[in-house]
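Colleague: predicted model, plus sequence, below.
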Amino acid sequence: MLPIRFLPLLFLFFTACGDPDAEVDNSVTSDPTTATDVAAHIQGVNERSVLDKDALKAMLPAKLLGMERQESSANSMGVGGFDIATASATYHTGDSGGRRITVTVSDGMGGNLANMGMVNSFTIDSEEGSKSTKTLQIDGHKAIRHFDQSSMNGTLAVIFDQSVVQIEGRRLNRMEDLESAFSELDVDDL
């Protein structure tokens, strides 16, 4: 599973790929508002403005699955008309080899952006040895879960209209811990 930070790269990849038989316009334009206009249009498709980093950070509880929050961060940026905010928190049992969960909430680059809607059309169900990938519906949202039964490590990405919640777990007690962690988050504003 690609980490959330690769979503902008996927966006660029899908928008760069097109019909191989289409005519290509190799002319260079010096109009700097073109990219800004496109970004504004895409941002305008979203139903609400991007939540600020503090609102995202407030979604991350002090305790998750009985583990205390050990570290957290939040940031936001605006690039070329796109506003993106991210908050992340790590929860663990305190010992270096124990259970650990990291939750990252990103807002501003989700399913409403051009070609990112393709993510919602993918269905992935595979098993190989102790590893599995499954497409789920969680609270009406598409989710993709990767899990390795031998290491008890996995990820869960839940895709909202303009947001993504990613949960990474290490040394979990069971695969369902990923969904249980998601259910403890207050993500109603997404």
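Modeller: Thanks, I have the structure now. None of the values given here were measured: they were computed from a predicted structure. Numbering: from 1, shown residues only.

Colleague: hang on, Glu184 packs against Leu65?
Modeller: Yes: counting by C-beta atoms under 8 Å, Glu184 sits close enough to Leu65 to count as a contact (6.9 Å). Just so you know, the C-beta spots here come from the backbone N, C-alpha and C atoms, and that holds for glycine as well.

Colleague: can you give me the helices in the protein?
Modeller: Listed in chain order, the helices found in the chain under DSSP state H are 7-16, 33-45, 53-58, 177-183.

Colleague: neighbour-wise, which of Glu184 and Leu65 wins?
Modeller: Remark: of Glu184 and Leu65, Leu65 carries more neighbours, 17 against 12, as counted by other C-beta atoms under 10 Å.

Colleague: give me the number of residues near Asp148?
Modeller: Asp148: 16 neighbours (other C-beta under 10 Å).

Colleague: any idea what the closest residue to it other than its chain neighbours is bridged to?
Modeller: Excluding the flanking residues, the one nearest Asp148 by C-beta to C-beta, 6 or more residues apart in numbering is Lys131, at 4.8 Å. In this entry, Lys131 is beta-bridged to Glu128, Asp148, by DSSP bridges.

Colleague: picking up where we left off before, now the weakest link among the helices of the chain, please, by mean pLDDT.
Modeller: Ranked by mean pLDDT, the helices of the chain end with helix 7-16 at the bottom, a mean of 40.
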